[in-house]
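**Q** Prediction below, plus the sequence it came from.
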Amino acid sequence: MNENESPQEKALRNIDNEPNQSQGETQGLSDLTNAAEKKITTLGRSERTDYTKQSVDSTELKHGFFSINIDEFPSKGRFYPRGTKIRIKAATVKDIRTFSALDEENPYEVDEALVDLLSNCVRVSFPTRVGSWKDILEEDRLNIILSIRELTFSNGENKIAFKVKCESCTTENDMDIINENFQKRELNEKIAKYYSDTDRQFNILTKTYGTINIKPPTIGIMRVVNKYIKSLQENKENIKDYLPFLKAVPYMVEEWRGFSIEKMSNYRIEFISWDSDKFLKYSKIVELAQISVKEKMMKSCVKCGDPVEADIELPTGIKGLFIEENILDDELI
């Protein structure tokens, strides 16, 4: 550790790695957050900090983080502590190199590449404790990745889109793969009434099982679940036998900190002990508690202005998010 580092520099460097911060580092992180929020301007769908202000530490200029609005996530920010701040920065050449060598047929390799991107480009801060990219909800992950992509290609390069014909005027539109073209789902009314704005979760009152506290899983929780699935495959287990459990367990775990593959067996024992009634009712609650975007993307027709919808697709694949497919078109003679 460099003894000459300012508290702000230490806070940025340690935010995801050292849960026990010194008083100086805590103050440094607070100073960074306060400075970043003094002046906000618009940059696409992101909120960009004006780094020309003398009050902003040079460290923040160096790292180039920008605030994003969690209310625009699929979760609409409902399940994060009040006062949560999420900042992103553009992907580096190193991050992009990782995508260039990506085997899209290997889901674990894809997941690792996306995780590396988040760990390098995302900072999460809570009012009362240290945050991590692992605290981001799994269903909000794509939104953040697309925000990082937009920031990385802020001049409009590496545009990804597919053609969609307007049913009203037959005009062909480009359906751009950007956050604003994804439609957010509303919470099902059966479960929406149990959402607690104070607890930032669902507190579901049942006649038989008392209050069931539940919320969508974080990336940290899903990381452990995915590693567990991988271990099952390596041990030649039949994944189909585990599917009901694998769908339920992410909602049974309250916190990713301290959660591990070893503890998955405890949750499985608990799950197996349920009778059919509890299993069916809990499965339905899990289904209602899921948050996501709708299956169809939507934008306004460039000619008539009517809504144009299309099934979600990623024509370039995951790799194409950061590797431009036609990068040589203007280069080769």
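**A** Looks like it came in fine.
**Q** is it fair to say K163 lies in a strand?
**A** Yes. Counting by DSSP: H, G, I helix; E, B strand; the rest coil, K163 falls inside a strand.
**Q** Can you report how many residues neighbour it?
**A** K163 has 10 neighbouring residues, counting by other Cβ atoms under 10 Å. Using the backbone N, CA and C atoms, a C-beta is placed for each residue, glycine as well.
**Q** Could you find the closest non-adjacent residue to it?
**A** Closest residue to K163 in three dimensions, ignoring its sequence neighbours and counting by Cβ to Cβ, 6 or more residues apart in numbering: E172, at 5.3 Å.
**Q** Point out the other helices and strands that the helix or strand harbouring N143 packs with.
**A** Here N143, judged by DSSP states H and E, is contained in helix 141-152. Packing partners of helix 141-152 (3 or more Cβ pairs under 8 Å, 6 or more residues apart in numbering; DSSP states H and E): strand 46-49, strand 66-68, strand 85-88, helix 107-121.
**Q** Redo those as TSV? Include mean pLDDT.
**A** As requested, these are arranged in TSV below (pLDDT from 0 to 100):
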stretch	mean pLDDT
strand 46-49	40
strand 66-68	92
strand 85-88	95
helix 107-121	91
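**Q** hmm, back to that, what residues are bridge-paired with the residue nearest to K163?
**A** Note on E172: beta-bridge partners K165, judged by DSSP bridges.
**Q** quick one on the thing from earlier: dump the helices and strands packed on helix 141-152 into TSV; add mean neighbour count and distance to L205 as well.
**A** Formatted as TSV, the helices and strands packed on helix 141-152 follow (neighbours: other Cβ atoms under 10 Å; distance: least, Cβ to Cβ, whole Å):
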stretch	mean neighbour count	distance to L205
strand 46-49	20	38
strand 66-68	22	34
strand 85-88	22	32
helix 107-121	17	35
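**Q** On the pLDDT front, check the closest residue to V302 other than its chain neighbours for me.
**A** With sequence-adjacent residues excluded and distances taken as Cβ to Cβ, 6+ apart, V302 is closest to N173, at 5.7 Å. Note on N173: pLDDT of 97.
**Q** Give me the neighbour count for N173.
**A** Counted with other Cβ under 10 Å, N173 comes out at 18.
**Q** can you give me the strands in the stretch 201-333 of the chain?
**A** Here the stretch 201-333 of the chain has its strands, by DSSP state E, counting those that start in this stretch, at 201-206, 210-214, 293-300, 307-311.
**Q** Nearest to I272, out of those strands?
**A** Closest approach to I272 among these is made by strand 210-214 (18.2 Å; Cβ to Cβ).
**Q** Could you list the paired strands of that closest one along with their orientation?
**A** As assigned by DSSP bridges, strand 210-214 forms pairs with strand 201-206 (antiparallel).
**Q** Run through the stretch 101-250 of the chain and note the low-pLDDT ranges.
**A** Along the stretch 101-250 of the chain, segments meeting pLDDT under 70 are nowhere present.
**Q** Could you rerun that using 90?
**A** Within the stretch 101-250 of the chain, the stretches with pLDDT under 90 are 101-113, 129-130, 153-159.
**Q** nearest residue to C301 other than its sequence neighbours?
**A** C166 (4.1 Å).
**Q** Pretty sure that neighbour sits against C304.
**A** Yes. Judged on Cβ atoms under 8 Å, C166 makes contact with C304 at a distance of 6.4 Å.
**Q** can you tell me which residues contact the residue positioned nearest the centre of the chain?
**A** In the chain, the centroid-proximal residue (Cα atoms, centre = their mean) is R141; its distance is 2.0 Å. The contact partners of R141, by Cβ atoms under 8 Å, 6 or more residues apart in numbering, come to L114, L118, I219.
**Q** what about the last one, neighbour count?
**A** By that I understand I219. 24.
**Q** Count the neighbours of L102 for me.
**A** Other residues close to L102 by other Cβ under 10 Å number 19.
**Q** Check the contact between it and E112; I expect there is one.
**A** No. Judged on Cβ under 8 Å, L102 makes no contact with E112 at a distance of 9.2 Å.
**Q** coming back round to it: in this structure the residue nearest to K163 contacts C301, no?
**A** No. Contact criterion Cβ under 8 Å: E172 and C301 do not qualify, at 9.7 Å.
**Q** Counting neighbours, go ahead and name the busier of those two.
**A** Neighbour count, other Cβ under 10 Å: between E172 and C301, C301 has more, with 19 against 12.
**Q** So the more buried one is in contact with N173, correct?
**A** Yes. Counting by Cβ under 8 Å, N173 is a contact partner of C301 at 5.8 Å.
**Q** and for these two, which residues touch both?
**A** C166, V308.
**Q** isn't D103 right up against E109?
**A** Yes. Contact criterion Cβ under 8 Å: D103 and E109 qualify, at 5.1 Å.
**Q** on that earlier part again, pipe the helices and strands packed on helix 141-152 into TSV and attach distance to K193 per row.
**A** Putting the helices and strands packed on helix 141-152 into TSV (distance: least, Cβ to Cβ, whole Å) gives the following:
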stretch	distance to K193
strand 46-49	32
strand 66-68	29
strand 85-88	28
helix 107-121	33
